[in-house]
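> here is a sequence with its predicted model. Questions after.
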Amino acid sequence: MSVKADLYDVIRKPIVTEKATLASESGAVVFEVSIDSNKPLIKEAVEVLFGVKVKAVNTVVTKGKKKRFRGMLGKRRDVKKAYVTLEEGSTIDVTTGL
């Protein structure tokens, strides 16, 4: 397996919500990342895959909700999000594919 394929495993998908759009106005992009990734690994993955310079990475883990499905109690998976702040002049268009 190549190094670039491993980096694709770190970043799962971009998140496009109202809050993510507000963050993009201040030069940040929001990605869903693997739950075991750390900030230096996320920074390296974004820089290599998109060819931009990263200023900072902030992460947040959203715990999965408990839900009922057909009477059985279940749990949604935990999701880790990374708010990646880019250097001035760097942009990522999340509407296009990787």
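Thanks, I have the structure now.

> so what strands line up beside the helix or strand in which Gly74 is found?
Assigned by DSSP states H and E, Gly74 falls within strand 72-75. Strand 72-75 has the following strand partners under DSSP bridges: strand 66-69 (antiparallel).

> mind checking how far the strand it pairs with is from the chain centre?
Relative to the chain's own centre, strand 66-69 is displaced by 25 Å; criterion: Cα atoms, centre = their mean, to the nearest Å.

> now do stretch 23-30
Centre-to-centre, stretch 23-30 and its host chain are 12 Å apart (Cα atoms, centre = their mean).

> over to the most centrally placed residue in the chain. Which of the three states is it?
Centroid check for the chain by Cα atoms, centre = their mean gives Phe31 as the closest residue, at 1.8 Å. Recorded secondary structure, Phe31: strand (DSSP: H, G, I helix; E, B strand; the rest coil).

> now do the top helix by length along the chain, average pLDDT.
In the chain, assigned by DSSP state H, the helix with the most residues is helix 39-50. Across helix 39-50, the average pLDDT comes to 92.
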